[in-house]
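Chemist: predicted model and sequence follow; I will ask about them next.
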Amino acid sequence: MENNHLFITLISSLSSQAWIQMGKIKNPVSDKIEKNLEAASMSIDMLVMIQDKTKNNLDEYEEKLLNQSIKDLKMNFVLEQNSPKEDKEDKKDTKLKAKEKKEKE
């Protein structure tokens, strides 16, 4: 595989990991939504470090992919950090109750 393909795979892998850690994507191993904002922050920080270390050394596509990935992750991280935990628990309870009601019918 060429280096630019490997680089894109690395960025995509770290981005996916951060999305999973923020609870935005189901963890494929556990098949559950799990949230670990500290780990997500570390994944985002690694992408920022890669951005700093590769400055002026990427092709246009790689640079756009990296910049957009970091932008999207940071924006969603802030939203997750600021969202009240009890609201999420209420939503889970509501979905569970709706599912139970549907099963009874």
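Modeler: Good, I have the coordinates. The structure displayed is predicted, hence computed values, not measured ones. Numbering: from 1, shown residues only.
Chemist: list the buried ones in the lengthiest helix in the chain?
Modeler: As assigned by DSSP state H, the longest helix anywhere in the chain is helix 60-82. Neighbour counts over helix 60-82 (16 or more other CB atoms under 10 Å) mark 65, 66, 69, 70, 73, 76, 77, 80 as buried. Quick note: C-beta positions are derived from backbone N, CA and C, even for glycine.
Chemist: now, among the residues you listed, which is nearest to residue 48?
Modeler: residue 70 (6.1 Å; CB to CB).
Chemist: just the pLDDT at the closest one, thanks.
Modeler: In this prediction, residue 70 carries a pLDDT score of 98.
Chemist: quick one: residues contacting it.
Modeler: 44, 47, 48, 51 (CB atoms under 8 Å, 6 or more residues apart in numbering).
Chemist: before we move on, back to that, would TSV of the buried residues of helix 60-82 with distance to residue 6 be doable?
Modeler: Below are the buried residues of helix 60-82 laid out as TSV (distance: CB to CB, whole Å):
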residue	distance to residue 6
65	13
66	14
69	16
70	19
73	20
76	26
77	26
80	29
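Chemist: if we can go back for a sec, just the buried residues out of the contacts of residue 70, in ChimeraX syntax.
Modeler: A single ChimeraX command suffices to select whichever of these are buried according to 16+ other CB under 10 Å:
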select :44,47,51
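Chemist: closest one to residue 12 out of the contacts of residue 70, please.
Modeler: Looking across the contacts of residue 70 and measuring by CB to CB, the closest to residue 12 is residue 47, at 10.6 Å.
Chemist: I'd like the distance between the closest one and residue 18.
Modeler: 7 Å (CB to CB, to the nearest Å).
Chemist: how near is the spatially most central residue of the chain to residue 40?
Modeler: Central residue of the chain (CA atoms, centre = their mean): residue 19, 1.2 Å from the mean position. Distance of residue 19 to residue 40, given as CB to CB: 8 Å.
Chemist: what segments of this protein are helices?
Modeler: Using DSSP H, helices in the chain cover 3-21, 37-53, 60-82, 85-104.
Chemist: to residue 31, which of those lies closest?
Modeler: Using CB to CB, the nearest of those to residue 31 is helix 3-21, at 11.6 Å.
Chemist: need the residues that contact the closest one.
Modeler: Residues contacting helix 3-21 (CB under 8 Å, 6+ apart): 1, 25-28, 34-37, 39-40, 43-44, 46-47, 50, 58-59, 61-62, 65-66, 69, 73, 76-77.
Chemist: alright, calling it a day.
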